[in-house]
Every structure is written in C-alpha cells, then in structure tokens.
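Peer 1: sequence below, structure please.
(2 chains, ligands or ions: 4)
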Number of protein chains: 2
Amino acid sequence: MSDHQRILIVGGVAGGASCAARCRRLSETAEIIMFDRGPHVSFANCGLPYYVGDVIKDEEHLLVATPEMFRQRFNIDVRLRSEVVRIDRERQLVEVNDLEQGAIYTEHYDALVLSPGARAIRPDMPGIQLPGIFSVRTIPDSRRIRQWIDQYEAREAVVVGGGYIGMEMVENLHKRGLAVTVVEKQPQVMPLLDPEMAAPIHESLIGQKVGLRLNEGVERFDPGEGHRLALTLASGGRLETDLVIMCIGVRPNIDLARAADLAIGESGGIQVDPHMRSSDPCIWAVGDAVEVRDVVTGATAVVPLAGPANRQGRIAADVIMGRQHGFRGVQGTSVVGVLGQVAAFTGASEKTLKRLGMWEQMEKIYLHPGHHAGYYPGAVPISLKLIFTKKGGRIVGAQAVGQAGVEKRIDVIAMAIQMHATVFDLEESELCYAPQFGSAKDPINMAGMIAANVLRGDASLAHWEDLEQSDALILDVRDVEEYNQDHLDDALHVPLDELRARMDALPRDREIRTYCFVGQRSYYAARALSQHGFTVKNISGGFKTYLMHESAKYL
Amino acid sequence: MSDHQRILIVGGVAGGASCAARCRRLSETAEIIMFDRGPHVSFANCGLPYYVGDVIKDEEHLLVATPEMFRQRFNIDVRLRSEVVRIDRERQLVEVNDLEQGAIYTEHYDALVLSPGARAIRPDMPGIQLPGIFSVRTIPDSRRIRQWIDQYEAREAVVVGGGYIGMEMVENLHKRGLAVTVVEKQPQVMPLLDPEMAAPIHESLIGQKVGLRLNEGVERFDPGEGHRLALTLASGGRLETDLVIMCIGVRPNIDLARAADLAIGESGGIQVDPHMRSSDPCIWAVGDAVEVRDVVTGATAVVPLAGPANRQGRIAADVIMGRQHGFRGVQGTSVVGVLGQVAAFTGASEKTLKRLGMWEQMEKIYLHPGHHAGYYPGAVPISLKLIFTKKGGRIVGAQAVGQAGVEKRIDVIAMAIQMHATVFDLEESELCYAPQFGSAKDPINMAGMIAANVLRGDASLAHWEDLEQSDALILDVRDVEEYNQDHLDDALHVPLDELRARMDALPRDREIRTYCFVGQRSYYAARALSQHGFTVKNISGGFKTYLMHESAKYL
Ligand SMILES: Cc1cc2nc3c(=O)[nH]c(=O)nc-3n(C[C@H](O)[C@H](O)[C@H](O)COP(=O)(O)OP(=O)(O)OC[C@H]3O[C@@H](n4cnc5c(N)ncnc54)[C@H](O)[C@@H]3O)c2cc1C
Ligand SMILES: Cc1cc2nc3c(=O)[nH]c(=O)nc-3n(C[C@H](O)[C@H](O)[C@H](O)COP(=O)(O)OP(=O)(O)OC[C@H]3O[C@@H](n4cnc5c(N)ncnc54)[C@H](O)[C@@H]3O)c2cc1C
Ligand SMILES: CC(C)(COP(=O)(O)OP(=O)(O)OC[C@H]1O[C@@H](n2cnc3c(N)ncnc32)[C@H](O)[C@@H]1OP(=O)(O)O)[C@@H](O)C(=O)NCCC(=O)NCCS
Ligand SMILES: CC(C)(COP(=O)(O)OP(=O)(O)OC[C@H]1O[C@@H](n2cnc3c(N)ncnc32)[C@H](O)[C@@H]1OP(=O)(O)O)[C@@H](O)C(=O)NCCC(=O)NCCS
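Peer 2: Residues are numbered from 1 along each chain as shown, chains lettered A, B, ... in the order given. Ligands and ions are numbered 1, 2, ... in the order given. This is a model prediction of the structure:
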C-alpha cells in the first residue's frame, strides 16, 4: 500500500488506540483519524470497577492518553463524540455522526479499522430501564454509579452476573461497605472456571457475607421505596436493594459491520483472518468485536480481553503498513481478584473440553501446594488444576485459586502452553526459589511431576466424580486427628506411617483407592501398595479437592 | 538392576533426601541407608538466614523431615552424625565414621549416591579462627549466630561477600536492628547480575544505611575489645564489629570423590553424565557437589541451588531404578530479596557471555515498566534487562530488579528459555491481566515488542557504554521539568511533543541518539526521525539506565 494512505479507526480505546499509535510509528506520512462516540479515548476500562470502589480516586487516572496527546505525540486526529454510523465499502467512505453538532459527514479511507468493542448485555425485561440499574462499560457509567451510591447513601447492591466483571464489582462495592448480593443463572460464579475450582470463591464470598444466589435469574425489576428497586427472581423470591449492576456479559458491537455486509462468525464476532483483516480487504477489525480462534481447542469464540485487543490493534497496524504479522489466537489467560482470593486461568477448562467432545483425550490432576516454602511464615495454599493430553502430556489448560502466587503460576503455564510444552517440561522447569518466593520444587514442578507420574504409569489416578461407579475400597491414609475431624463415610482408615505394618489387612482382590488431604501421602501409599501387589489408584487432589467438588454440588 | 539392591546415600538434605525418598517410591524392596555427618537431615538450608533474622522463630520449623519420618514413611534407615570417610570402589564399600561412638564400620552398596553438598569458603587468613566469625551452612551455625547476637547484645555486623547468601544475611541482621557493613571484593554485590543491574540494590543498601565496601577485601582479623573483632581491610582501612559472617562462596565437597579417584570436572565439581552418574557406573552424584552444564552457554559450572539439587536427586533415583531420565542442565534461575528490593535472574548475563566470547552474537534491551497498570495505585517499576541472539531472537538471559512482580517475570522468561522461545514469542504472549496484577501489555510483552523492533530493523539501538566512541548528537526528548532536573551535559533538548515542529533544526549529516527516561518516548522520537530521513538510534532504557550504569561505575 501507498505510504500516503488515509487510515480511519472506529473506536479509540484498547484496540483502536493501540492500532492508531502503531500506525503512526510505522508511517509518518499516513493520515490517521480515530473516531469515538464517547467522550474519551484510551481510557482504562479495566479500572472502572476500582474507580467505583474508590481504590482509584481520581477520574483523570483512568485516562491513559488524551486527544491532545494523540495530536501532539502521534499527529493523530482524534474525534470524540463522533459516531461512525455507516460504511460505504464500494466508495470506501464512512459516515460520521458528530454527536455534538448533530451533523453527519463522510470521510474517505484507504484502510478502515473497526475496534468498536462490545456492549454490556441488557436483556429486555420488565423494569430494565428503571433508574438505579447500571452497566459498567464507560467512565460516565462508573461516575453515575458513584453518584448514585453517594446521593442515596446506598447500603445494599445486587450484582447480576458472576463473571469476572461481576466479581470485580462485588469486590469494590464490598470495599465501599455495601452489602452485596450476587444473582447468577449458572450454578457457580466465574463460569470460565470448572465448578470445583470456583468453590473457594463461593466460600470466600459467603464467609464475607456476600449474598450468593446461584441457579437464579432476575425476572423483573420494579420501583421500590424511594430510589430503591425491587427484584423478582426466577425462583419467585424477591430482593430489595439500593442499586443493581448488570454484569451478565457483553455482545460484540457488530451493527456497523453487519450493515456493511462484512462476514460475521458463528460466535457472533466479526470474522477476521490471522492478519485481522475482515472479509473486505480494506477493512480490519480487532478487539472485543471480533471472532478469534482458541489456540488450544481450535474453536472460535469472542474473547473480550484487553491484552488480545491491544496486540490485535498492533498487528492490524503492521498489516496495513504492508508487513507480515499474524495473530496467533487466544488462550483465554485471565485473572480476577475478589475479597482476598485470586483466581486465574489459561487454556481450556474441563467443561469446555467436554462440550467440544475432546475430554476423552485428556487427563487432569489437582494439587494444593503452598505459594512458597512451608517453613517460611505466611505460606498459603494454591489450588491448582492442570489438564494435559493423555498421549504426550501436552499442557492444555490450568486453573488456580488462592490468596497469593496464583497468577505467577498461571503466567508460567500460559507461556508453557504457548510454547507447546508438556508436563515433562514442567517437571524439569527451573524457577526462582528463595523461601519467600517459592519452593525448591515449585508448584509448577510439582504439577509436572504428578502429571508425569501418571503418564509414565507410576501413579494410577482416580477422580472423586468417578467414585460412585466403582466398588473400590476407599482408603484414608491421613493422621488420626485429620481422619477424626472429617472423612468419607465408608473409608477405611490406615495412616500412611502404619501402612506397611498393616498391609496384610487390606484386600488383594478389590481395587483400593487412596486419599489423604491433598493427594501426596496417598500417592506415597499408592506407590507402596502397588508394589506389594495391590490394585490401587490415588484420588487426585485428596480430601481438599473432594470438599471443593462437594461445595460446588451443594450450593 | 536387581530390585533388592542396597542403596547408600551420602548427605541427607536437598539432593540426598530427595533421592532417598524417590528411590523408595520406585522400589519397596531396595535397602536404603542415608548417612549425614550432621545432626539433622532434610533441613531447610535456605531458611537459615531467616532463622538468624528471627523471621523463622522456631528451629523445628527448619526440619522439613526427620529420621523418624524417613523410617516410618519411607522405610529408610537414616544415620545421623555418621560421616562417610572412604569409598572402596572395587569392593563397593563405604567406610562410615560414627561420630557419636567414634567407631568406623563399613557398608556394602550396589548403588552409591553422593550428595555431600558444598562447604563455605573460609580462606586461610590471620585470625579466621577467632570466635565471632561465622559461616551459615547448618542449623547449628545459625543457632550459634543467634546466641552470639543475644549474648553480646550485638549492634554491628560485617558480612564478608555480597552474593545472595550475603544479601540474605544483610536482610536478616538489618531486620534484627544491627548496623551491617558489607565487604565485597568485586565492584558490585550480587555478582551474578551485570553491574548496572546491581546498582538499584546498592542504592537501596546505602539508603537503608548498610555500609558498602566494594572493591574491598579483608586481610586479617584481630581480637577487638571484649568479644569484638577488628578487621584489617585490603585498602588498609579498619573495621570494628560485634560479629562477622563469611559469605564469600562455597566449594563443592569432593574430598570423598577425589580420594576414590572419581573424575572431577574443570569447574571443581564431581563430573557426572546427564543421568547423574559419576565416572564409576555404580556411583551417582548430585547437588552442590557436582559439575553441571549450563543449557544456555553450554559451559560447565558448579551451581549451588536447591531446585537443581532436588531434581537431580530425583533423577539419580530414577536411573538407579533402571529408568531413562536425564538432567537437562541448569539455567541459573535465582532470586533474592533484600531490604525491599527483589533481584531475579535466569539464563546468561552479559558479563558471562563476554567472558565466554559469545557477546558478539547477542543484543540486549532495557526497560522499566510498572509491575502492574499505572492507573491502579501502587505500581512500582521493574528494571528488566533482556539478552537475546541477534540472529533469530532466541532468549538467552534476563535480569530484573524491583520491589514487586520481579520473580514472576523472570519465571515466565525462565520457562521461555527452557522452551527455546524467541523475543517474537514474548511479543505475543498472553498473560494474566487485571489492573492489580499486570498490564494489557505486560512487561513480558513489552520486552518482546522492544526486542522484536530491534530485530526487525525498526529501531536502531544504542547503548550508554558505546556513547564515548561516537560523535553522535545526543537528543533528550523528555519534558522540560525532567530535563531541568538532570540531563546529559551535551544533550540537545527537544521534547517529544514538539519534535515534528522542530525537526528542521536537527542535523541531517550527523547521527542522532535519542533518550528519554526509560526509552519509550525516545523510541517514538527515533521512529519519527528515521522516517524523516535522519540517521538515528534510540539509547535503550533511557536516562534511568544511564543512572544505573553511572551508579555502578562510581561506587
Ligand atoms: C469494567 C471492565 C473491566 C474489565 N477488566 C478487564 C481486565 O481486568 N482484564 C482484561 O483483560 N480485560 C478487561 N476488560 C475488557 C477490556 O477492557 C476489553 O477487552 C478491551 O477494552 C477491548 O478493546 P476494544 O478496543 O475492542 O474495545 P473498547 O476498549 O471497549 O473500545 C471500543 C470503543 O469504541 C467506541 N465505539 C463503538 N462503536 C463506535 C462507533 N460506531 N463509532 C465510534 N466509536 C465507537 C466505544 O465508544 C468505545 O470507546 C474489562 C472491561 C470492562 C468493561
Ligand atoms: C544459607 C543458605 C541459603 C540458601 N538459600 C538458597 C535459596 O534461597 N535458593 C536456592 O535455590 N538455594 C539456596 N541455598 C542452596 C541450597 O541449600 C543448596 O543448593 C542445596 O541444599 C544443595 O543440596 P545438596 O544435597 O547438594 O547439599 P546439602 O543440602 O548441603 O546437603 C549436604 C549434606 O551432606 C552432608 N555431608 C557432607 N559430606 C558428608 C559425608 N562425607 N558423610 C556424611 N554426610 C556428609 C552434610 O552434612 C550436609 O548435611 C542456600 C544455601 C545456604 C547454605
Ligand atoms: C495508551 C495507548 C494508546 C498506548 O499505545 P502505544 O503507543 O502502543 O503504547 P504502549 O504504552 O502500549 O507501549 C507500546 C509501545 O512502546 C514501545 N515501548 C515501550 N517501552 C519501551 C522502551 N522502554 N523502549 C523502547 N520502546 C518501548 C513498544 O515497543 C511499543 O511500540 P511498538 O508497538 O511500536 O512496538 C493504548 O494502549 C491505550 O489506549 N490504552 C488504554 C486503553 C486500554 O488499553 N484499555 C484496556 C485496558 S484497561
Ligand atoms: C523432605 C524431602 C525428603 C522431600 O522429598 P520428597 O518425598 O521427594 O517430597 P516432596 O515434598 O519434594 O514431594 C515430591 C513428591 O511428592 C509427589 N507429590 C507432591 N504433591 C503431590 C500430590 N498432590 N499428589 C500426588 N503426588 C504429589 C511428587 O510427585 C513427588 O513424588 P515423585 O518424586 O515420586 O514424583 C526433601 O525434599 C528434603 O529433604 N527437603 C528439605 C531439604 C531441602 O530441600 N533443602 C534445600 C531447600 S531449603
């Protein structure tokens, strides 16, 4: 393409602004105009919940860049309150509605980049338009929530939807002293996680007096007393509250693209090739609005995350400027912090793999190592689930929950997945170790060792959810005090340290399944038993994982 | 090998204990005896400094496992205070000195594992035997230090040697309220790091009133007043102090091996093959005592780290039990926390690469991104140095210093190095992002982007240390206030945002080198200038890196 091209960009935040800035870095001669229908560009969407929570105190802090900065630093023409309302692909024009002046004008493009993001889903239900029901997508949204809380001295809030933005709103409303109730259609919050991995979040929410209404939906909103709102739930229950935050997900903004007859993918996002080019060779699309390919499962999806949006914007700029640069797809790496718990995720979950019919080829393990050496004060456990292929041990996904050191382990595994690492690679990783930072065998190594043992046939695994289909003898190898405190009803109890002496009492004609608290001692027991001729499986992740499964079932 | 073999293990801590436990897991029938000349096995060497600092309050916490536990859980015969004094390779016997009884006896082995560790270097200098001069290698060592501090109400301490154990001793003595002085022969502490990367540690030490005597050695110790010690330094200076900790490094314990004529490597460690087998097919060696291969440089070295020791012990067990398992080598990943600063490291440093004559093939970049999003309160910078090959961008090493988020980034890069990743992989990594945990473009991505720009020829790099050899014009593109505060004497000042307007004033016949505070704005400037026909290089890492270099030079 010519260097004197005219590049128009629709949407000036994560994807759009990154694209614009990179375009300028690659070409001093291109004309670059960036439109946003809102009053800001380059703002920190991801900071909005924390602005509501007054953790970020100053609205200005949310502005990562301003139109002036774009003009001065990048010689980019930023037009705020300017909505692109139509694309004329044939003539390579866009129609822009100047929302201040109310006037519509057109601009010609050589290259057009769509980064219009997504919009919060607001289902068409009775009362949804009532004041006091908010979404969190823009700075004005958050400002309105803050004002409402202040004005009405709000004490209670309902967050509808328990995804990560919902959780961040819980965190922040809770921090402001509001009593928060979460209403979530699914049987768990953080639907990205497998249910048992969300259980620690549930317990933490409940422990901190956040109301948790799972398997529950809102049917209608009615005005309550004064400014208050009355919610009728699907179960018939009612809730009164001072405000409602709708966090039931987002939908790609594809109106423009659809009206211009650009191809839309199955998942509802704009279809793009790896170069972020839409079905029109002069139009690129990036960010929340596009459909991406999951590098692990190969499935297509819309994945509204800031990292991919930023990088896609940068890639689109490269391609517009005639370079070969491709987006490798997403792996869904994400993290959320809520009330002291951190949950992080990368790759594919068990439920996704089941939905895609890929679970047969997979194995999983659980572990609960300390986030640093146990002998150094303050170690807290990380509950980690690792999914890998039965053949070859390719790492497919990981989920972790805990109070510290969580996102570090997921970041390392994210890199491992990106590089097609196997569990045998994790087994031999060399990571930072000093007592306050990790362990000589880091949780990452431990995960690799446990998984490698499974794949090498040294440790037959069982999982709690398979228990009912078996008539195996359940063997609890924990200490007496642990056993007495709580155990499986029909478990036989032989503490690990007495196992060799008491082996003769165990059946040789029946499968034995061992468990302890986290799965390590029961692995030791299983190794010993199997070498003495018993048929034995170790239940991965131990009683702690059992409790997570149970908690997920009975909430 | 037969399953009924007799496995003797010399040294019962990181490597030895791991090996013993794994041997038992792989074989119920082997006879396993583990000897240690000390009063403990399986203790947390790495916790010793923190026991001195009373962070770890209870000696018992340092005992990760006990002889009883080994007996009961693993059916392993642990013999404390039992020194293996000779190996008779021909008859496959060891001679054991029972230090309690003073009696020597022999034991036969089928497989012998040496994990005798290393000993603290105590140079033969006048006064080295005086009371009050300590090493930190065992629990009794630390106990003696604690007692000395308490008994004499010590106020001052000298730490000789500024490596990572020295730094941990500084951290802990400082925490106990002692005035600490570090005496270090080299011009920097943390000699693993390149000098400029150690500079922030120096500043933090000085800022917290730790005495720093670099380029300095101890010549002799003399008794001082009462319990006190007088140190004479190489420079002629004198120091009086309440106690001295010797941390000038360790030397592999190879006496046993050497006396038995096992091959010793160039670097002074026992020579082993990737299966941890020594030159005698019935003898394995692991841990601090062995020579290992650096996976990045291919050089051999002794690398006294707990992670490798643990994994080597496990591998030796596998091989003894007839499995194919190899050690992949080390990459030197390590971390230290000292007075609020964290320094972490993986791969090869610039100085190592120079020493090995490999630097010609390498390029490096510096960056100083926040440890999480800047708009979220509390972000602190990480100074990151990334080394990669000029051809292909293979990641070769990384060093990072900062107050938070440091070891996370090094762990991710450690995994990247393990998997032979390139800077182009870092550029496209998908890592955890929420405002309190990272950035949409994580420091890892940023490092990848910056390096990729260099390799793609989009950003010509210069480094501060090359400045003197060039007559380039130095262009400072920071804001007026930044420039006024401090700048390079002969720099021309044109703030980035005025650059396009003032370009005509710049010379077209002379190379321009741009800098800003961290290297980002000067990169933007360099991009703009180069497209307008100027010959320009961006000085990597900006003024902040300059200050680090200067600080390293003039301390
Ligand atoms: C509350 C909240 C918290 C979040 N937290 C995280 C997090 O912690 N981690 C994470 O990875 N991601 C997070 N995200 C998601 C992240 O912000 C998005 O993935 C990212 O911003 C998407 O970038 P984008 O460029 O596609 O869209 P956006 O950044 O949303 O930008 C789209 C812009 O386009 C404008 N626009 C739309 N249509 C038009 C039009 N026709 N004409 C002109 N302008 C138009 C909009 O006004 C908007 O400003 C969060 C999002 C929200 C809302
Ligand atoms: C103060 C300190 C802090 C450290 N901090 C860290 C850290 O933060 N991170 C990290 O990765 N590493 C750290 N290390 C290093 C780590 O502890 C070692 O790398 C690791 O312990 C080496 O394991 P090893 O089995 O080779 O030797 P060791 O763990 O030292 O065990 C060797 C044992 O062998 C015994 N022994 C020796 N000779 C004989 C013999 N002839 N007969 C019988 N017994 C014998 C010794 O008594 C000793 O108990 C630290 C070390 C120290 C001393
Ligand atoms: C502010 C914004 C326009 C920044 O875009 P940007 O100019 O690409 O700048 P970034 O701060 O992301 O820095 C990346 C660029 O600086 C370069 N860079 C960063 N540090 C550098 C350093 N020390 N030396 C050299 N180059 C450096 C990178 O290589 C990259 O340039 P490239 O793309 O040409 O390779 C855009 O990210 C934005 O609008 N962000 C806010 C919105 C948002 O992301 N919301 C969602 C998350 S809350
Ligand atoms: C205590 C010590 C004997 C432990 O050795 P160990 O029995 O190998 O036990 P670890 O705690 O390291 O756990 C590793 C084993 O448990 C298994 N494991 C851990 N968690 C598990 C879980 N949840 N489920 C199943 N298996 C698990 C691992 O797979 C591994 O077994 P493998 O080697 O057969 O694969 C040894 O590490 C030691 O002496 N440490 C202290 C000394 C030291 O390391 N000092 C230097 C650092 S301070």
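
Peer 1: around ligand 3, which positions in chain A sit nearby?
Peer 2: For chain A, the residues in contact with ligand 3 (C-beta under 6 Å from any ligand atom) are A:13-14, A:17-18, A:21-22, A:25, A:42, A:44-47, A:64-65, A:306, A:310, A:314. To be clear about C-beta, it is placed using only N, CA and C from the backbone, and glycine gets the same treatment.

Peer 1: just those residues that are near ligand 4?
Peer 2: Within those, nothing lies near ligand 4 by C-beta under 6 Å from any ligand atom.

Peer 1: write the ChimeraX selection for whichever of the residues you listed are buried.
Peer 2: Selection of buried members from the residues of chain A next to ligand 3 for ChimeraX, criterion 16 or more other C-beta atoms under 10 Å in any protein chain shown:
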select /A:13,14,17,18,21,22,25,42,44,45,46,47,64,65,306,310,314
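
Peer 1: just the ones of the residues of chain A next to ligand 3 in helices?
Peer 2: A:Ala14, A:Ala17, A:Ser18, A:Ala21, A:Arg22, A:Arg25, A:Ala306, A:Asn310, A:Arg314 (DSSP state H).

Peer 1: TSV for the residues you listed, including pLDDT?
Peer 2: Converted to TSV, those look like this (pLDDT from 0 to 100):
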residue	pLDDT
A:Ala14	98
A:Ala17	98
A:Ser18	98
A:Ala21	98
A:Arg22	98
A:Arg25	97
A:Ala306	98
A:Asn310	98
A:Arg314	98
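
Peer 1: what's the most distant pair in those residues?
Peer 2: Using C-beta to C-beta, these span at most 20.0 Å, a distance reached by A:Arg25 and A:Ala306.

Peer 1: for beta bridges, what are the partners of whatever residue of the stretch 251-400 of chain A ends up closest to ligand 4?
Peer 2: The stretch 251-400 of chain A approaches ligand 4 most closely through A:Leu367 (4.0 Å), counting by C-beta to the nearest ligand atom. Assessed by DSSP bridges, A:Leu367 has beta-bridge partners A:Leu384.

Peer 1: and it, what does it touch?
Peer 2: A:Ser383, A:Leu384, A:Leu386, A:Pro443, A:Met446, A:Ala447, A:Ile450, A:Val518, A:Gly519, A:Gln520, A:Gly541 (C-beta atoms under 8 Å, 6 or more residues apart in numbering or on different chains).

Peer 1: do the same with A:Val64
Peer 2: By C-beta under 8 Å, 6+ apart, A:Val64 lies in contact with A:Ala17, A:Ser42, A:Phe43, A:Ala44, B:Gly374, B:Tyr375.

Peer 1: shouldn't the second one be in contact with A:Glu68?
Peer 2: No. In this structure, A:Ser42 sits apart from A:Glu68 without contact. The criterion is C-beta atoms under 8 Å, and the distance is 11.4 Å.

Peer 1: can you give me the buried ones in the helix or strand that contains A:Glu240?
Peer 2: Here A:Glu240 sits within strand A:238-241, counting by DSSP states H and E. By 16+ other C-beta under 10 Å, the buried positions in strand A:238-241 come out as A:Leu239, A:Thr241.

Peer 1: and the next element down the chain from that strand?
Peer 2: strand A:243-246.

Peer 1: what's the offset of that next one from the middle of its chain?
Peer 2: Relative to its parent chain, strand A:243-246 has a centroid offset of 21 Å by C-alpha atoms, centre = their mean, to the nearest Å.

Peer 1: and the host helix or strand of A:Leu529, how far out from the chain middle?
Peer 2: Here A:Leu529, judged by DSSP H and E, is contained in helix A:520-531. When distances are taken as C-alpha atoms, centre = their mean, helix A:520-531 is centred 36 Å away from the chain's centroid.

Peer 1: wait, does it contact chain B?
Peer 2: Yes. Helix A:520-531 lies within reach of chain B by C-beta under 8 Å from any C-beta of the partner chain, at A:Tyr524, A:Arg527, A:Ala528, A:Gln531.

Peer 1: apart from its chain neighbours, what residue comes closest to the second one?
Peer 2: Taking C-beta to C-beta, 6 or more residues apart in numbering or on different chains as the measure, A:Arg527 lies nearest to B:Arg25, with 4.6 Å between them; neighbours along the chain are not counted.

Peer 1: go ahead and confirm that neighbour touches A:Ala526.
Peer 2: No. Counting by C-beta under 8 Å, B:Arg25 stays clear of A:Ala526, with 9.6 Å between them.

Peer 1: ok, how many other residues are close to the residue in the stretch 401-550 of chain A positioned nearest to ligand 1?
Peer 2: Scanning the stretch 401-550 of chain A for proximity to ligand 1 using C-beta to the nearest ligand atom identifies A:Glu407 as nearest, at 11.4 Å. Residues contacting A:Glu407 under the criterion other C-beta atoms under 10 Å in any protein chain shown number 30.

Peer 1: ok, the helix or strand containing it near chain B or not?
Peer 2: A:Glu407 is located in helix A:406-418, with elements delineated by DSSP H and E. Yes. Using C-beta under 8 Å from any C-beta, helix A:406-418 comes into contact with chain B via A:Glu407, A:Lys408, A:Ile410, A:Asp411, A:Val412, A:Ala414, A:Met415, A:Ala416, A:Gln418.

Peer 1: any chance of these in TSV, plus distance to B:Glu219 and pLDDT?
Peer 2: Shown next, in TSV, are the residues of helix A:406-418 next to chain B (distance: C-beta to C-beta, whole Å; pLDDT from 0 to 100):
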residue	distance to B:Glu219	pLDDT
A:Glu407	49	98
A:Lys408	44	98
A:Ile410	51	98
A:Asp411	48	98
A:Val412	46	99
A:Ala414	52	98
A:Met415	48	98
A:Ala416	50	98
A:Gln418	53	98
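
Peer 1: sorry, back to before: which residues touch the helix holding A:Leu529?
Peer 2: A:367, A:450, A:453, A:458-460, A:475, A:477-478, A:496, A:499-500, A:503, A:506, A:512, A:514-516, A:536-539, A:542, B:25-29, B:73-74.

Peer 1: now do the same contact list for A:Met419.
Peer 2: Listed by C-beta under 8 Å, 6+ apart, the contact set of A:Met419 reads B:Met415, B:Ala416, B:Met419, B:His420, B:Ala421, B:Asp425.

Peer 1: nearest to B:Gly38 among the residues you listed?
Peer 2: Comparing the contacts of A:Met419 against B:Gly38 with C-beta to C-beta places B:Met415 closest, at 34.8 Å.

Peer 1: run a quick neighbour tally on that closest one.
Peer 2: B:Met415 is flanked by 27 other residues according to other C-beta under 10 Å.

Peer 1: now the helices: where do they sit in the stretch 451-555 of chain A?
Peer 2: Using DSSP state H, counting those that start in this stretch, the helices assigned to the stretch 451-555 of chain A run over residues A:480-485, A:499-502, A:520-531, A:542-553.
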